[in-house]
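Participant: Need coordinates for the below:
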Amino acid sequence: MAKSLYERNLDTYNLIRYGIDLAPEIGEKKITIRPIDFKDISKNYFYVAEEVTVIGKNGNGAEKRPDLVIYVNGIALAVFELKRSTVSIEEGIIQNCDNQSPEFIEWFFSTVQVIAAGNNASGLRYGTIGTKPANYLQWRDEVTAETELEKSVLQLFDKNQLLQLVYEFINFDKGVKKIARQNQIHGVNKMKVRLL
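Facilitator: So this is what the prediction gives:
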C-alpha cells in the first residue's frame, strides 16, 4: 500500500495482460502464467457478484458495497454502481470516485480496469480508475433491449468486448490511466480488418 492506486493498478494490469514468468522448480526454465486468457475467452471463468461488501483501509475504514462486480478468474475486473431511474447517473459516478479514495476502499480498485455507473432511463457511462466524473464515456451502439441500461450492458460488457477493452484499449500515460471511447474502438477494429 506504499504505492499509489495508479501504480498498483499499473502493476496489476501488467500482470494480467503480459502474464507472470515463474520457474516450476529452482533452475528450471521459466514459463509464463496468464491470469486471464485473452486469446481463448472460453478458458476464463466469469462471475457477477451483487452488493459486494468491501471493508475500508486496514479493516478500519468505512464499509462500502459496490452494486455489481465482474470477476474474471477471481480477479475483480469491473465495478458498477446502479441507480433508480429517478436518480441521475452522476450520483453513481461520484460514488465510484469517492470509493477510490484512501479513506474508503481504494485498495479494492487495485485490480479494477473498468468502472461504470448507470440507470434504466439513461443507460451506462464508463471510465477507469482516476477518471474524473466529467470524463466518463457513454457507449451508443444500436442494439435491441428493453432499457437503456440493458442496451449498454449488452454492448460494453459482452465477454469478448470486455476482455478486448481491457487488453487493447487501456493506456497508462504519465500518471493518468485512460480508456478508449467507443468510436476509437470501432475505428481500430475496422482498421485491423482492412490491414489483416
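Participant: which residues are in contact with stretch 79-86?
Facilitator: For stretch 79-86, the surrounding residues in contact (C-beta atoms under 8 Å, 6 or more residues apart in numbering) are 66-70, 89, 91-93, 95-96, 99, 109, 112, 114-122, 149. All C-beta atoms are positioned from the backbone trio N, CA, C, and that covers glycine.
Participant: for stretch 43-55, that is, sorry about that
Facilitator: Contact with stretch 43-55 is made by 36-37, 61, 63-74, 105, 108, 159, 163, as judged by C-beta under 8 Å, 6+ apart.
Participant: Return the subset of those lying in strands.
Facilitator: Mapping the contacts of stretch 43-55 onto strands (DSSP state E) picks out 68-72.
Participant: where's Arg65 relative to Val72, distance?
Facilitator: Relative to Val72, Arg65 is positioned 20 Å away (C-beta to C-beta, to the nearest Å).
Participant: who touches the residue in the chain sticking out farthest from the centre in this structure?
Facilitator: Going by C-alpha atoms, centre = their mean, the residue of the chain most distant from its centre is Gly27, 36.8 Å out. Gly27 sits next to no residue when contact means C-beta under 8 Å, 6+ apart.
Participant: now swap in Asp67 and tell me
Facilitator: Contacts of Asp67 by C-beta under 8 Å, 6+ apart are 50-51, 80-82.
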